[in-house]
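**Student:** Quick one: sequence and predicted model below, then my questions.
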Amino acid sequence: MNWLPPNGALHGIGFDDLLRWNLDTIFWLFVASQILIVLALLLSGLRRRPAPVPGPVRARSFVAFLFTSLLPLLAITGLYIAMVVTSHHLWAVSREQASARHAVQVEVTGVQFAWYFRYPGRDGIYGRLVPDLINAPAGNPLGLDPTDPHSRDDIVSPVLVLPAGRPVDLRLRAQDVIHGFFIPGMRLKQDAIPGMIGHLQFTPEVPGVYPILCTQVCGLGHARMQARLRVVTPSEFQQWLAAREGFALSTPIAEVPAQSAMEERP
Amino acid sequence: MNAEPAHSAAPSHGFLRRRVFTTEHRALAVLYLLIGLAAVIVGTLLSLVIRIHRVWPTVPFPLYGILRPEDYLAVVTMHGTLMVFFVLTVVPQSAFPNLVLAEQIGTRRMAFPRLNATAFWITLASFLALLAAFFVPQGAPISGWTSYPPFSAIAATGPGQGAGMDCWLASIALFCIAAVASSANFLATIVARRGPGMTFGRLPLTVWSWLTSSALTVIAFSALFGAALMLFADRHFGTSFFIPAGEVINGIARSGGASGSPMLWLHLFWFFGHPEVYISILPGMGLASALLANFTRRPVLGYRFMVIATLMIGFLGLGVWGHHMFVSGMNPYAGTAFGLTTIAIAVPSSAEVLTWLAMLFRGRLRLSTPMLFTLGFISFFISGGLTGPILAQPALDAYLHNTFFVVAHFHLVMAMAGVFSLFAGIYYWYPLLTGRLMNEMLGKAHFWISLIGAYGTFFPMHLAGLAGEPRHYAQLAGPVESFPSLIPVERGITFAALTLAAAQLIFLFNVFRSARHGDRAGENPWRATTHEWSPDLHPITRGEPYVYGPYPGGTKDFLPQWELAAPATSAQPYPSGAKPE
């Protein structure tokens, strides 16, 4: 369990507890089963050769069947059911309900081999995207349409910056192939699929920097398709937003890694 | 030959006629085993390339040089495809049934021998088509053995996704045809060609496994065949089954085409992909029950119970594919449903495991090599299977999906359990092909080194997965440096993998040496009860499959299916109420 990266998300506490009891349980089941196999070997070694005059093999009594097969099977089935039931609550609250009204809205776009994060800006509406306008070297990796008034205040960032303590609603999309959006520190993963909009909700709690990885093989740059999540205080978040709102299209994105869209083909 | 009937019956046929261009199923079994052997050698070498590159990424490979990221992904893709299709499907689901299925049901002839032989030749073509991917421009495909579109649908998405991907698709489509054809033959053989007295209630458990896995093959590979054709059409005929509108590759918008969805491929692929896991492991499960009975000299516990569990696993196996898609953005309620079906399938699997464990305590274990590998199979089936219920929970899978935790899970439960059961089968049935036994000392060395090597390789992968390490990463580097603590673990895994691979040299040596120099096996070396060991070409089945242990009126500790019980109790070998389960 100590192998997990430090958790920074609200639901991560529950997640870690769940995973811990699941892992503990199956670990001891694993140990018990392997001990049984070794025990069978040892007992068999001690056992004398069968009697030279064969007697009848005794049928397994019902009591033996009850204690060696039926009860263990019922117990294991009960355990499986307990596992499903306990974890379903976490799945239900994190996936089966709409996002909070005051959630921070960010759109995540996976592109070979970079993640882009778009904030809708002051108007709270994402501007129109036109595939033909996509031009990463010129600073428009998503194809924002400058003629759409909603796109003027959109912020496109290579870093995901979020305020601590507020629910977040991520809108997941991909331009080219399927990418896997994974923030280990937020216990969060979902695929970004071209042609589909996915939603992912969570609440970052602990300020800090968390790696963002791609977990669906997407091409030769898959392993370096990594980004960062910076969880900051609400006031730092407001400053960060204020410094960028309204300038998204006029200023080239300084922080876009130069390799992102240019060096794919040899 | 037809013109000379006098010669056709004589054993004067050439070697090619008897062993290669033949419809005789045991000869086909050998040919399938040779494909499996070639595939497992290439697949293992590729896995060593993976392991070495992950630990020493800058060390050049002889004759090749330093691996580029795309080379690494090509190696991973080919490793997975070779192992899943040409080892874990071809050997348990094609080679083994050709070796013993007909004999086990008391016949010497398959229902459709020519269809069966044709399936082999298509499999060979499929194998060659896959290997050809290494040699086409830009090399082998890099999108993994699951080949998710649009990555696999558009050649511009990366090197290897052009000609290499076409080779892969051709190979898969051919493989589907072969798999369905050979399974149709097995199904028809089991249903229609059972020898006299061989009722369903007397079928060996291996045959019940092949009945189930063959039905799964016909259903699952048909779906994959359709998906492969659709992907081919997307690539070459301008259709858009799997490509959405507004697709942009490399900054260039794809013009034209209707709007399809990659999700369709995921559904079709995993509708095949999950039953495929059971296709490759069910024969091993049946074999484990049979070998445990033989090497403990006690009947299989709960024969009927095991049959029902096998059929249930097959049936439920068709309804769990969505657990590969929990984080794909599929409807979360569907995730919940697939989680439940997946937990449901864990119940009959656990029932079989508990039965095997109970069987271990019934008699003296004879620790011959086939038995050791069966014990290894059970050990891996448990250690890999136990992580199944964890991954079946969508909430937990939302972290573990596509990490090394999953790699550990399926390598233990499918690859290691699968391969150990293949070894058990090969050591056990070797005398049928050569008349000799494999060397026990070498066999035991092979087993123990493999067991330690396999656990050393795959157990630590759980830890890397918990740390969040994703699959398909050519190296643990990049803008985010969260992996340095994993490097020692990775190094240990690589050393264990090298040990595991080295142990297989013992096996290869044993296979080829024992064919000439092994101890003579005699007629029924394992004192087994099923018909593949019967001296009679057309045996009559007179009893249940696994009658082991002292039985009333008997003078030995087993009663083969082709023998009558002692006269006093011939109608019913057991006094009523004392019948072993």
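**Tutor:** Cool, the structure landed. None of the values given here were measured: they were computed from a predicted structure.

**Student:** Show me the shaky parts of the stretch 101-250 of chain A.
**Tutor:** A:246-250 (pLDDT under 70).

**Student:** Strands along the stretch 1-150 of chain A, start to end?
**Tutor:** For the stretch 1-150 of chain A, the strands defined by DSSP state E, counting those that start in this stretch occupy A:104-111, A:114-119.

**Student:** To chain B, which of these lies closest?
**Tutor:** For these, proximity to chain B was assessed by CB to the nearest CB; strand A:104-111 is nearest, at 8.1 Å. Just so you know, the C-beta spots here come from the backbone N, C-alpha and C atoms, and that holds for glycine as well.

**Student:** Can you give the strand pairings for that closest one, parallel or anti for each?
**Tutor:** Under the criterion DSSP bridges, strand A:104-111 sits next to strand A:114-119 (antiparallel), strand A:168-174 (parallel) in its sheet.

**Student:** a markdown table please, covering these and showing mean neighbour count.
**Tutor:** Listed next are the strands paired with strand A:104-111 as a markdown table, based on neighbours: other CB atoms under 10 Å in any protein chain shown:
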| stretch | mean neighbour count |
| --- | --- |
| strand A:114-119 | 23 |
| strand A:168-174 | 22 |
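
**Student:** where along the stretch 101-250 of chain A do the helices fall?
**Tutor:** A:234-244 (DSSP state H, counting those that start in this stretch).

**Student:** for whatever residue of it ends up closest to chain B, what are its contacts?
**Tutor:** Closest residue of the stretch 101-250 of chain A to chain B, CB to the nearest CB: A:Gly195 (2.3 Å). Taking CB atoms under 8 Å, 6 or more residues apart in numbering or on different chains, we find A:Gly195 in contact with B:Ile243, B:Pro244, B:Ala245, B:Gly246, B:Glu247, B:Ser259, B:Gly260, B:Ser261, B:Pro262.

**Student:** Looking at these, which one is closest to chain A?
**Tutor:** Nearest member of the contacts of A:Gly195 to chain A, counting by CB to the nearest CB, is B:Pro244, at 2.3 Å.

**Student:** close enough to count as contact, that closest one and B:Ser261?
**Tutor:** Yes. Contact criterion CB atoms under 8 Å: B:Pro244 and B:Ser261 qualify, at 6.1 Å.

**Student:** So between these two, which is more surrounded?
**Tutor:** Higher neighbour count among B:Pro244 and B:Ser261: B:Pro244, with 21 against 18, using other CB atoms under 10 Å in any protein chain shown.

**Student:** Could you find the closest non-adjacent residue to the more buried one?
**Tutor:** Once flanking residues are discounted, B:Pro244 sits nearest to A:Gly195: 2.3 Å by CB to CB, 6 or more residues apart in numbering or on different chains.

**Student:** one step back: and the strands of the stretch 1-150 of chain A: which comes nearest B:Ser328?
**Tutor:** Closest approach to B:Ser328 among these (CB to CB): strand A:104-111, 13.4 Å.

**Student:** Return the set of buried residues in the closest one.
**Tutor:** Judged by neighbour count (16 or more other CB atoms under 10 Å in any protein chain shown), strand A:104-111 contains these buried residues: A:Val104, A:Gln105, A:Val106, A:Glu107, A:Val108, A:Thr109, A:Gly110, A:Val111.

**Student:** and what of stretch B:25-33?
**Tutor:** So for stretch B:25-33, counting by 16+ other CB under 10 Å, buried means B:His25, B:Arg26, B:Ala27, B:Leu28, B:Ala29, B:Leu31, B:Tyr32, B:Leu33.

**Student:** For the third one, give me its contacts.
**Tutor:** Translated: B:Ala27. B:Ala27 neighbours (CB under 8 Å, 6+ apart): B:Arg18, B:Arg19, B:Val20.

**Student:** which residues does the residue most central in space within chain A bridge with?
**Tutor:** Centroid-nearest residue in chain A: A:Lys189, 1.6 Å away (criterion: CA atoms, centre = their mean). Note on A:Lys189: beta-bridge partners by DSSP bridges are A:Phe182.

**Student:** Quick check: residues of the stretch 101-250 of chain B near chain A?
**Tutor:** B:142-144, B:148-151, B:157-159, B:243-250 (CB under 8 Å from any CB of the partner chain).

**Student:** From these, keep the buried residues only.
**Tutor:** B:142-144, B:148-151, B:157-159, B:243-244, B:246-250.

**Student:** Could you tell me which of the buried residues of stretch B:25-33 belong to helices?
**Tutor:** Cross-referencing the buried residues of stretch B:25-33 against helices under DSSP state H gives B:His25, B:Arg26, B:Ala27, B:Leu28, B:Ala29, B:Leu31, B:Tyr32, B:Leu33.

**Student:** Show me which pair in these is furthest apart.
**Tutor:** Among those, B:His25 and B:Leu33 lie farthest apart (CB to CB), at 12.4 Å.

**Student:** What is the burial count for the nearest residue to B:Gln475 once chain neighbours are set aside?
**Tutor:** Closest residue to B:Gln475 apart from its sequence neighbours, by CB to CB, 6+ apart: B:Pro57 at 4.5 Å. Using other CB under 10 Å as the criterion, B:Pro57 is surrounded by 15 other residues.
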